[in-house]
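Q: pasted the sequence and its predicted model underneath.
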Amino acid sequence: MTDALNRDSWLAALRQQVEEITPAQAIARQAHGALLIDVREDDERASGIATGALGISRGFLELRIEQQEADRDRPILLICGSGQRSLLAAEALQRMGYSKVASIAGGFTRWKTEGLPVTAGTIDSDAAERYARQLRLPQVGEAGQSKLGKAKVALLGAGGLGAPAALYLAAAGVGEITLIDDDRVERSNLHRQIIHADARVGMLKTESAQLTLAALNPRIKVHLHSERLQADSVERLLQGHDLVIDGADNFAARYLIAAAVQRLKMPMIYGAVERFTGQVSVFDPRRADSPCYRCLFPEPPAAADAPNCSEAGVLGVLPGIVGLLQATEALKLILALGEPLVGRLLSFDALGMRFRETRLRRDPECPGCGPQAIFEGYEDIVRWCAAAG
């Protein structure tokens, strides 16, 4: 009983220090520029939030408030479930120097009872729990998670690069992932293509990958194209996606993708591995300053100069590292965060454990993106790659 009285006395003292207002008064102040912050937890906000409110959990308010509002003279309104946590939050902001802070009496419960506008939560309770650590990043939050949920990513290849990329994109909540691969799982794949399993040897890689992704995150959609990317199918397979992750194991496919993304204005996240080294870059035709794949490789190298993994071998963890870097770049592009690897080639040496960055400039004479470039059809690209090999 004493504890309850102490708590009640404490709250009563806070009410003497912090202004309490009704939900109707909060609406009026919002209209005049006040910032409304919902300090409930992510899973609580999943069922709905006061329209116009910014969600910042009580435990992170002091850490994040300056990123959201540095002006300590702006009116700030705080709402929680019943009006108690918002009192505590208001007192904390006062101690930080915010001079015009108010708590909404009765909280969200009263807000709904009075029929005031509510916006449906952008995420449900399952998503709030599943993506909890990601949601706590102020650069992501509910708005960013919603972007991820609406994103569509095409992965060419469900092998060494596509496997780790697909796993982490699915785990992050990318809404739709399209896998393009016509190969079947072989036992020699398993030391690096960790999306597959020994029991699935002989199964189509796309179907095997789908089983793993569905077990990891049943919320996402996985589309399968168990076919080889060819001249007559490249635009059909890539169209409608936000970006494509290149996990191809041959140059003909890469040049087809490079031509298609130029025409579709779609970012291409390039990755390649050989023995103990790998490299990653982003080619984004939406940007005037971005080079394209053919600025880096105007012509395909001879087969002897660019052996694939089955010929040259590869350290099993290396495709994992490069694939994760590709997934990182994909998430950055979807969320519009940071500085993508546009105009930069990131090389990794596993033996020396070193990363090296090389600047890539757009080539004004590039046969792929230069002003004089002429597209004569995808079949022409296939014939040209065959002749060069």
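A: Everything's here; your move. Numbers count the residues shown, from 1 in each chain.

Q: measure the closest residue to residue 221 other than its chain neighbours to residue 387 for me?
A: Nearest non-adjacent residue to residue 221, counting by CB to CB, 6 or more residues apart in numbering: residue 176, 4.7 Å away. Where C-beta positions appear, they are placed from N, C-alpha and C, glycine not excepted. Noted for residue 176: a distance of 37 Å to residue 387, by CB to CB, to the nearest Å.

Q: quick revisit: now the residue nearest to residue 221: how far from residue 122?
A: According to CB to CB, residue 176 stands 17 Å off from residue 122.

Q: re earlier: more neighbours: which of residue 176 and residue 387?
A: Neighbours per residue, other CB atoms under 10 Å: of residue 176 and residue 387, the larger number sits with residue 176, 17 against 8.

Q: by mean pLDDT, point me to the weakest helix or strand of this protein.
A: Least confident helix or strand of the chain, by mean pLDDT, DSSP states H and E, is helix 309-312 with a mean of 68.

Q: who's in contact with the residue lying closest to residue 81 once chain neighbours are set aside?
A: In space, and not counting its chain neighbours, residue 81 is closest to residue 107: 4.9 Å by CB to CB, 6+ apart. Each residue near residue 107 by CB atoms under 8 Å, 6 or more residues apart in numbering is listed here: 79-86.

Q: number of residues surrounding residue 312?
A: Using other CB under 10 Å, residue 312 has 11 other residues around it.

Q: so it sits against residue 274, correct?
A: Yes - counting by CB atoms under 8 Å, residue 312 does reach residue 274; the two are 5.5 Å apart.

Q: what's in contact with the helix or strand in which residue 93 is found?
A: According to DSSP states H and E, residue 93 maps onto helix 85-95. By CB under 8 Å, 6+ apart, the surrounding residues in contact with helix 85-95 are 11, 14-15, 17-20, 37, 39-40, 58, 61-62, 65, 76, 78-80, 101-104, 107.

Q: picking up where we left off before, quick check: bridge partners of the residue nearest to residue 221?
A: residue 152, residue 221 (DSSP bridges).

Q: so it sits against residue 152, correct?
A: Yes - here residue 176 reaches residue 152: they are 4.3 Å apart, a contact under CB under 8 Å.

Q: I'd like the next helix or strand past the least confident helix or strand of the chain.
A: Where DSSP H and E defines the elements, the next helix or strand beyond helix 309-312 is helix 317-335.

Q: mind listing what's buried in that following helix?
A: 318-335 (16 or more other CB atoms under 10 Å).

Q: next: stretch 340-357.
A: 340-343, 345-346, 348, 350.

Q: what's the answer for stretch 70-81, then?
A: 75-81.

Q: export those to a markdown table and append columns for pLDDT and distance to residue 362.
A: Below are these laid out as a markdown table (pLDDT from 0 to 100; distance: CB to CB, whole Å):
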| residue | pLDDT | distance to residue 362 |
| --- | --- | --- |
| 75 | 96 | 48 |
| 76 | 97 | 46 |
| 77 | 97 | 49 |
| 78 | 97 | 49 |
| 79 | 97 | 50 |
| 80 | 95 | 52 |
| 81 | 94 | 54 |
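
Q: so which of the residues you listed comes closest to residue 118?
A: Of all the buried residues of stretch 70-81, residue 118 sits closest to residue 79, with 11.4 Å by CB to CB.

Q: surely the closest one meets residue 39?
A: Yes - counting by CB under 8 Å, residue 79 does reach residue 39; the two are 7.1 Å apart.

Q: let me know the secondary structure of residue 271.
A: Following DSSP: H, G, I helix; E, B strand; the rest coil, the label given to residue 271 is strand.

Q: ok, now which ones touch it?
A: 161, 245-247, 278-280, 322-323, 325-326 are the contacts of residue 271 under CB under 8 Å, 6+ apart.

Q: how about residue 15?
A: Contacts of residue 15 by CB under 8 Å, 6+ apart are residue 87.

Q: ok so it is a strand residue?
A: No - applying three-state DSSP, one finds residue 15 to be helix, outside a strand.

Q: which elements pack onto the strand or helix carrying residue 207?
A: Element membership of residue 207, judged by DSSP H and E, is helix 205-216. Counting by 3 or more CB pairs under 8 Å, 6 or more residues apart in numbering; DSSP states H and E, the packing neighbours recorded for helix 205-216 are helix 162-172, strand 176-180, strand 221-225.

Q: residues contacting residue 60?
A: residue 136.

Q: check what pLDDT it gets.
A: Note on residue 60: pLDDT of 88.

Q: what's the separation between it and residue 141?
A: To residue 141, residue 60 is 11 Å away according to CB to CB.

Q: same check on residue 189?
A: Counting by CB to CB, the gap from residue 189 to residue 141 is 38 Å.

Q: now swap in residue 7 and tell me
A: From residue 7 across to residue 141, the span is 31 Å (CB to CB).

Q: ok, these two, which is more surrounded?
A: residue 141 (21 against 11).

Q: next one: that one from residue 105, what distance?
A: 27 Å.

Q: pLDDT weak spots in the stretch 251-389 of the chain?
A: Low-confidence segments of the stretch 251-389 of the chain, defined by pLDDT under 70: 302-311, 389.
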